[in-house]
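Q: how does the following fold in three dimensions:
(chains A and B, ligands or ions: 2)
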Amino acid sequence: MTTVHAEAGKSTLPHEPEKATLEGRNKVLAFWLFLGGEAVLFGTLFATFLALRNSTNDGPSAAELFHLPLVAAATFLLLASSLTSVFAIQAMHRNKPAELRNWLIITVVLGAAFLALEIYEFSVYVRHEEFGMTTSAFSSAFYTLVGFHGAHVAFGILWIAILIGQLARKGLTVVTAPKIYVSAMYWHFIDVVWVFIFTVVYLLGKVG
Amino acid sequence: MDWITTVDHKKIAILYLWAGGFFFGIGGLEAILIRIQLIKPMNTFLDAQTFNELITMHGTTMIFLGVMPVIFALMNAVIPLQIGARDVAFPFLNALGFWTFLFGGLLLNLSWVMGGAPDAGWTSYTPLSSTTYSATHGVDFYTIGLQIAGLGTLIGGINFLATIITMRAPGMSYMRMPMFAWTTFITSAIILFAFPAITVGLVLLTFDRILEANFFNPLTGGNPVLWQHIFWIFGHPEVYILILPAFGIISEVIPTFSRKRLFGYSSMVFATILIAFLGFMVWAHHMFTTGLGPVANALFSVSTMLIAVPTGIKIFNWLFTMWGGQVRFTTPNLFAVGFIPTFTMGGVTGVMLASAPADFQFHDTYFVVAHFHYVIVGGLVLGLFSGLHYWWPKMFGRMLSETLGKWTFWTFIIGFHLTFFVQHFLGLMGMQRRVFTYLPNQQFDTLNLVSTIGAGLMGVGMLIFLWNIFITSRKPADAADDPWEDGRTLEWTIPSPPPEYNFKQTPLVRGIDAFWKEKLAGHKSMTPSEPVGSIHMPSATILPFLMSVGIFIAGLGFMFSRDTFGSDVLSFLFNNYIVTALGLVITFGSMLMRSLFDDHGWHIEPEELEGR
Ligand code: HEM
Ligand SMILES: [Cu+2]
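A: Ligands and ions are numbered 1, 2, ... in the order given. Got it, this is the predicted structure:
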């Protein structure tokens, strides 16, 4: 079915290696579809959050809780990681595996830093503000929406880390390229979701 | 072993068929038990709790574990063949989708032996499904089992979308695609946009029950109506996920046995798209009595009635296809023709229910039960029977017995109308749904007896069908490539059952009903679009099975994470999420294996192809 094979690809990598094979094209397409489903998933979580954001059940409200500078820092880290993943894909298109690897590592580090800040944020809420999953409908909706996003980030970090390992073992080929490309799409997606979370959860929470 | 590791879409189809058939049988037994309980007033055959569990499990099992997999079975068996492809886009994911569905379904049904089945109705309305009103693990089995099974459905949907978009044979433009491929395509799109909503709903309900979150608990600020919205934003499109494939089957069977091309092909395509689109707009017609207010009710009422227009177009197109055709009443065609009036009746009561003021009368009565069974059984199940009889020779290389097929048809359809027609009147007279018994002398007695007799007759029809399968499986597999002789689409151009690689050479498609077109031109086979060459095949693998086992274990672990057990060891394992973690390790470990060890598959060489 596929005429181009992994071995054949090594020396002369085509310009867009992620789309060089039918499998690669299928992967990219299916991933777009998957992201469509993910959009519905987050859409439902956002709708739930919006419906319940004022149901604080005498617990802390968004305005009392959120500390914007921390969240802004996290936002900055995640946006930066999106940029570095763009650089990674550009390096891939220029057939520079080492550069690609370095950008991916930076992306993973930035993502991990974001996640660390988020875990810190949650732990502050739980320990100092008595704001846990069971506090109110607002708290449940908050932890579920933001936590789902956090779980996506964690999964993305693991995934890209494995791909870095794969890159080291197998090099940049028409088999590995689609995987890297798709993981970058995923990473941008969770970045976009975060922009919505920052606006809808944090900014809107602060201004009322 | 072969079956556990296969990634061949034709074998996966058969797995889906057996698994779906198995769950369909369970759901059918549950239905019979319900009907026995309702055979006479004040019956004590079942108690109220068991009855609640039975209706919940019957509805849930039938919809998610009975008919959906049979639909997927037909799609898997037919779609790659119809579009001239050698496989689906992602054979590995295809297997994964099947195994997650199966383990999700098994988990759900374990509830019968592990301390109580779900009892809050298949819609699991909150707060009825909260731990306050449903204290056993029943609803946890529901949320987690369906979550796992739903994952499989979503994977399957994405796979079919990608397959149909990229793997059609040369010349098969979208407007030359067979109708069943079209409806599969649109159904998959609905799955993609509807299932994530229920995923979220199930997560929220799980969190409410296991982590004591407050999404649906009004005492802590939660909102039970939110559940209804989320459920029906998924739930209404779900009924189109069920019925559109049936439309597709009917649109294949009727032209074949009328020896005419489908009337109004393009209007069929656009009607399908329109139905799918409107399907997402009308969810709140299930919530007229919830109290959304007159404006919302009016809007949802009108948008619901709009769906009757494209559906009506379809029905007329089928009738016009038969009109003037040389109609042959084979078993598949009997089911297809029987489908038309039956489904139409379900559609008519649908429009009645869509009228908000009238729905205040019909709501939660047997009128509703009659309506949705006319649509689901009279529509979908008849469609599936038609499709199964039609494609059986292609799937298994053996023709089912026509005589027994006709017996199946007549017993089933007569039994069906006996069962459900009278329920319209029971509903109009005020018999409530989901109530385990009724008082004598309210004029419910005779009609309920008739209904139960009808259900028994349907059961007989099923048994005849099983008998037919049994005796057929003992006959030699000698079906012709084109056993109905009037096949119009590509699946009939290759042997029955097809070889592993489907097409030795990918065919060139020159019009709608590609095979029929070649036949008219006097050709016996398709013109190939490529020389005979080496064919790439994916290798079999056990990983999809292992991944699903892992998810299954993780689900059980999470479900019991808050329980106290008699044994300290068990408490330790579950309460510290060790079982959950173990399951996830199996799943992610398998994913890691998949990622680290590339599998380039294998090739079938031309010599081998010619050798056959
Ligand atoms: C084939 C014979 C069948 C019989 C005799 C039958 C009978 C029944 C009965 C008696 C009920 C209980 C109504 C109530 O008290 O609320 C019921 C409910 C239901 N049935 Fe069936 N049924 C059959 C097939 C199916 C099929 C094939 C499906 C779906 C694919 C289905 C879907 C449902 C659903 C969704 C409910 C509602 C359950 C609930 O209220 O939670 N049924 N059925
Ligand atoms: Cu509906």
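
Q: Provide a list of residues in contact with residue 67.
A: All of this refers to chain A. residue A:121 (CB atoms under 8 Å, 6 or more residues apart in numbering or on different chains). Placement of C-beta: from N, CA and C, glycine included.

Q: look at chain B instead
A: Contacts for residue B:67 (CB under 8 Å, 6+ apart) come out as B:20, B:24, B:242, B:376, B:380-381, B:384.

Q: what comes up buried for stretch B:47-62?
A: For stretch B:47-62, the neighbour count (16 or more other CB atoms under 10 Å in any protein chain shown) marks B:50-62 as buried.

Q: where along chain A do the helices fall?
A: Using DSSP state H, the helices of chain A run over A:6-9, A:22-52, A:62-65, A:68-93, A:97-128, A:137-170, A:176-197, A:204-207.

Q: swap in the stretch 251-400 of chain B?
A: B:265-279, B:294-306, B:308-322, B:331-354, B:356-362, B:366-375, B:382-396 (DSSP state H, counting those that start in this stretch).

Q: what are the contacting residues of stretch B:480-496?
A: Contact with stretch B:480-496 is made by B:78, B:81-84, B:169, B:178, B:252, B:255-257, B:259, B:261, B:328, B:330, B:332, B:390-391, B:393-394, B:396-397, B:399, B:479, B:498, B:502-503, B:507, B:509, B:513-516, B:525-526, as judged by CB under 8 Å, 6+ apart.

Q: about what we covered before: which of the contacts of residue B:67 sits closest to residue B:69?
A: When these are ranked by distance to residue B:69 (CB to CB), residue B:20 comes first, at 3.2 Å.

Q: just the element for the closest one, please.
A: helix B:9-37 (DSSP states H and E).

Q: ok, back up a step: which of the contacts of residue B:67 has the most neighbours?
A: Neighbour counts for these peak at residue B:380, which has 27 neighbours (criterion: other CB atoms under 10 Å in any protein chain shown).

Q: gap between that residue and chain A?
A: For residue B:380, the distance to chain A equals 24 Å [CB to the nearest CB, to the nearest Å].

Q: could you do residue B:336 as well?
A: Distance, residue B:336 to chain A, by CB to the nearest CB: 31 Å.

Q: what's the burial count for that residue?
A: What residue B:336 shows, counting by other CB under 10 Å, is a neighbour count of 30.

Q: now residue A:89
A: When neighbours are counted by other CB under 10 Å, residue A:89 registers 20.

Q: which residues does it contact?
A: Residue A:89 touches A:180-181, A:184, counting by CB under 8 Å, 6+ apart.

Q: report the helix or strand with the lowest average pLDDT across chain B.
A: helix B:606-611 (a mean of 78; mean pLDDT, DSSP states H and E).

Q: contacting residues around the residue nearest to residue B:370 when sequence neighbours are not counted?
A: Spatial nearest neighbour of residue B:370, excluding adjacent residues (CB to CB, 6 or more residues apart in numbering or on different chains): residue B:423 at 3.7 Å. By CB under 8 Å, 6+ apart, residue B:423 lies in contact with B:366-367, B:369-370, B:373, B:447, B:451.

Q: quick check: next helix or strand after the helix or strand harbouring residue B:571?
A: Element membership of residue B:571 [criterion: DSSP H and E] is helix B:568-575. Counting by DSSP H and E, the next helix or strand C-terminal to helix B:568-575 is helix B:578-596.

Q: got the residues of the stretch 51-200 of chain B near ligand 1?
A: B:55-56, B:58-59, B:62-63, B:66-67, B:121-122 (CB under 6 Å from any ligand atom).

Q: excluding chain neighbours, what is closest to whatever residue of chain A ends up closest to ligand 1?
A: Closest residue of chain A to ligand 1, CB to the nearest ligand atom: residue A:44 (22.2 Å). Distance criterion CB to CB, 6+ apart; nearest residue to residue A:44, sequence neighbours excluded, is residue B:200 at 4.1 Å.

Q: the one you found sits in which helix or strand?
A: Assigned by DSSP H and E, residue B:200 belongs to helix B:179-210.

Q: my guess is residue B:247 contacts residue B:386. True?
A: No - counting by CB atoms under 8 Å, residue B:247 does not reach residue B:386; the two are 11.3 Å apart.

Q: show residues contacting stretch B:307-320.
A: For stretch B:307-320, the external contacting residues (CB under 8 Å, 6+ apart) are B:247, B:250-251, B:254, B:262-264, B:267-268, B:270-272, B:274-275, B:278-279, B:282, B:340, B:343-344, B:347, B:350-351.

Q: contacts with chain A among these, please.
A: Among the contacts of stretch B:307-320, proximity to chain A is found for none (CB under 8 Å from any CB of the partner chain).

Q: how far away is residue B:262 from ligand 1?
A: 26 Å (CB to the nearest ligand atom, to the nearest Å).

Q: gap between that residue and residue B:312?
A: According to CB to CB, to the nearest Å, residue B:262 and residue B:312 sit 16 Å apart.

Q: in terms of neighbours, single out the busier of the two.
A: residue B:262 (23 against 13).

Q: re the thing from before, confirm the residue nearest to residue B:370 sits in a strand?
A: No - under DSSP: H, G, I helix; E, B strand; the rest coil, residue B:423 sits outside any strand and is assigned helix.

Q: and the nearest residue to residue B:300 once chain neighbours are set aside, how many neighbours?
A: The shortest distance from residue B:300 to any non-neighbouring residue, by CB to CB, 6+ apart, is to residue B:284 (4.3 Å). Around residue B:284 there are 22 other residues, counting by other CB under 10 Å.

Q: picking that back up, go ahead and confirm the residue of chain A closest to ligand 1 touches residue B:203.
A: No - Residue A:44 is beyond contact range of residue B:203, at 9.5 Å (criterion: CB under 8 Å).

Q: coming back round to it: lowest-confidence stretch among the helices of chain A?
A: Lowest mean pLDDT within the helices of chain A: helix A:6-9, a mean of 42.

Q: hang on, the earlier thing: which two among the contacts of residue B:67 are spaced furthest apart?
A: Longest span within these, CB to CB: B:20 and B:376, 14.4 Å.

Q: excluding chain neighbours, what is closest to whichever residue of the stretch 201-350 of chain B sits closest to chain A?
A: Going by CB to the nearest CB, chain A is nearest to residue B:221 of the stretch 201-350 of chain B, at 3.0 Å. Leaving aside its chain neighbours, residue B:221 sits nearest to residue A:55 (3.0 Å; criterion: CB to CB, 6+ apart).

Q: can you verify my assumption that that neighbour contacts residue A:137?
A: Yes - in this structure, residue A:55 is within contact of residue A:137 by CB under 8 Å, at 3.9 Å.

Q: give the residue from these two that has the larger number of neighbours.
A: Between residue A:55 and residue A:137, residue A:137 has the larger neighbour count (other CB under 10 Å), namely 30 against 21.
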